[in-house]
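what's the 3D shape of this:
(2 chains)
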Number of protein chains: 2
Amino acid sequence: MKKFEEKTITSNTIFTGRVISLKVDEVQLPNGKTSNREIINHPGAVAVIAITDEGKLLVVEQYRKAIERSIIEIPAGKLEPGEAPAVTARRELAEETGYGCEELTYIQTFVTSPGFADEVIHLYAARRLFVLEEQAQLDEDEFVELMAVTIEEAEAMVADKRIFDAKTAFAVLWMKMQHLSNSPQRN
Amino acid sequence: MKKFEEKTITSNTIFTGRVISLKVDEVQLPNGKTSNREIINHPGAVAVIAITDEGKLLVVEQYRKAIERSIIEIPAGKLEPGEAPAVTARRELAEETGYGCEELTYIQTFVTSPGFADEVIHLYAARRLFVLEEQAQLDEDEFVELMAVTIEEAEAMVADKRIFDAKTAFAVLWMKMQHLSNSPQRN
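From the prediction side, this is the model:
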């Protein structure tokens, strides 16, 4: 889909970092005028909705410097260069929770901030979890605390903003929807 | 919540743009070691799940330079300095769709990319829509095409990735959930 395409006139890389890079593109708008677009490039990420046999959701609390607070999120992490998203999903699940899964299902992919960033998140559901014998290592600058929460607990965390990011907000709705769809008294 | 807090040692502003700014903070980790965090500051935004009296969702197609394609999103836009989110919500709904609403309900707020950005989206539901007599103006670098879609059409757009961003993915799930909860054959 290219409707209202903005053609690049010039592209100026401002910063290349460890995780993100920033460029400013001068573009030609559909009406012929020009404008600037400030764009963040990001390697992309996966996130995992991991559901225990008891129907609980695995979440991790971690500090997020960008918002100067800790929040509770579903396990997630960046794609390594050339790594297939399903591999990243299993790796991040292992690193952040210590679990493996016998069942990994692709849900969908979305961009987080299309107004200024190309970051995509590939979302997976993990079921039939088992404790890994060998503990996977977190990145050396990563500190997380694992919890398993019921739908009701997750909804309470949304209400009081402990759960506060888009992918986890989506995950809670998705889990609720699965529950509604499968609930025997509703069929 | 400050668990695993990362204390700022130095903060270095790299870029200050029209929409976003970029800084690199050197931080002290919980284990005493140091690391760098690349952080985007953003003014924040609102998004509106606008539902017509026929139960259709208002969406707009627009080109997103960051991902070099056009996608279909719920109406959204950045907060102006000092502007209350509910005011932004009505303004963006007017600008992007030409509709006002008699009912505007706050749903929730989430950050889009907590790993590197502080962008929040305040999400509202708009109902009892009416056509505004005076057409609001889009920003001069903004080109959008309005559509009203059923839940089934929105789900098809998710499946073929025309709907491809987190807030709109959330909106489609949210709308589906409202529908499931209110559906008479299920009560």
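
Pull the contacting residues for the spatially most central residue of chain A.
Centroid-nearest residue in chain A: residue A:47, 4.1 Å away (criterion: Cα atoms, centre = their mean). Going by Cβ atoms under 8 Å, 6 or more residues apart in numbering or on different chains, residue A:47 touches A:73-76, A:121-124, A:167-168, A:171. Where C-beta positions appear, they are placed from N, C-alpha and C, glycine not excepted.

Just the ones of the residues you listed in strands?
Using DSSP state E, A:73, A:76, A:121-124 are the members of these that sit in strands.

can you redo those as JSON lines with neighbour count?
JSON lines is the format used below for the ones in strands among the contacts of residue A:47 (neighbours: other Cβ atoms under 10 Å in any protein chain shown):
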{"residue": "A:73", "neighbour count": "25"}
{"residue": "A:76", "neighbour count": "25"}
{"residue": "A:121", "neighbour count": "23"}
{"residue": "A:122", "neighbour count": "21"}
{"residue": "A:123", "neighbour count": "26"}
{"residue": "A:124", "neighbour count": "24"}
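
can you list the contacts of residue A:47 in a markdown table and add pLDDT and distance to residue A:158?
Listed next are those as a markdown table, based on pLDDT from 0 to 100; distance: Cβ to Cβ, whole Å:
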| residue | pLDDT | distance to residue A:158 |
| --- | --- | --- |
| A:73 | 98 | 12 |
| A:74 | 98 | 12 |
| A:75 | 98 | 17 |
| A:76 | 98 | 17 |
| A:121 | 98 | 18 |
| A:122 | 98 | 22 |
| A:123 | 98 | 17 |
| A:124 | 98 | 21 |
| A:167 | 98 | 13 |
| A:168 | 98 | 8 |
| A:171 | 98 | 10 |
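
ok so, going back, nearest to residue B:1, of the ones in strands among the contacts of residue A:47?
For the ones in strands among the contacts of residue A:47, the residue nearest residue B:1 by Cβ to Cβ is residue A:73; the value is 12.0 Å.

Centre of the chain to the lengthiest helix in chain A, how far?
Assignment by DSSP state H gives helix A:166-182 as the longest helix of chain A. Taking the mean of its C-alpha atoms, helix A:166-182 sits 14 Å from the chain's own mean (Cα atoms, centre = their mean, to the nearest Å).

report the angle between the axes of it and helix B:166-182?
On the basis of axes from the mean of the first three to the mean of the last three Cα atoms, to 10 degrees, helix A:166-182 is oriented at 20 degrees to helix B:166-182.

Sort out which residues of helix A:166-182 are buried, please.
A:166-176 (16 or more other Cβ atoms under 10 Å in any protein chain shown).

quick one: low-confidence ranges for chain A?
A:183-187 (pLDDT under 70).

Could I get the full set of helices for chain A?
Under the criterion DSSP H, chain A contains helices at A:85-97, A:151-159, A:166-182.

which stretch among the ones you listed comes nearest chain B?
helix A:166-182 (4.0 Å; Cβ to the nearest Cβ).

Which residues does that closest one contact?
For helix A:166-182, the external contacting residues (Cβ under 8 Å, 6+ apart) are A:47, A:49, A:51, A:55, A:57, A:59, A:71-74, A:76, A:107, A:110, A:112, A:121, A:123, A:151, A:154-155, A:157-158, A:163, A:186, B:108, B:110-113, B:121, B:166-167, B:169-170, B:173-174, B:176-177, B:180-181.

which residues sit in contact with residue A:125?
A:48-51, A:103-105, A:107.

let's see it at 7 Å
Counting by Cβ atoms under 7 Å, 6 or more residues apart in numbering or on different chains, residue A:125 makes contact with A:49, A:51, A:105, A:107.

Pretty sure residue A:147 sits against residue A:59.
Yes: here residue A:147 reaches residue A:59: they are 5.3 Å apart, a contact under Cβ atoms under 7 Å.

mind giving me the domain ranges of chain A?
A:7-41, A:45-186 (automatic domain parsing).

any chance of the ones you listed in CSV, plus distance to residue B:99?
Below are the domains of chain A laid out as CSV (distance: least, Cβ to Cβ, whole Å):
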stretch, distance to residue B:99
domain A:7-41, 23
domain A:45-186, 21
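
which one of the ones you listed is the most hemmed in?
Across the domains of chain A, the average number of neighbours (mean count of other Cβ atoms under 10 Å in any protein chain shown) peaks for domain A:45-186, which reaches a mean of 18.

tell me the residue furthest from the middle of chain A?
Most distant residue from the mean C-alpha position of chain A: residue A:32, 36.5 Å away (Cα atoms, centre = their mean).

Quickly note the distance from residue A:56 to residue A:122.
Counting by Cβ to Cβ, to the nearest Å, the separation of residue A:56 from residue A:122 is 23 Å.

Roughly how far does residue A:64 sit from chain B?
4 Å (Cβ to the nearest Cβ, to the nearest Å).

Kindly report the same for residue A:51.
In this view, residue A:51 and chain B are 16 Å apart by Cβ to the nearest Cβ.
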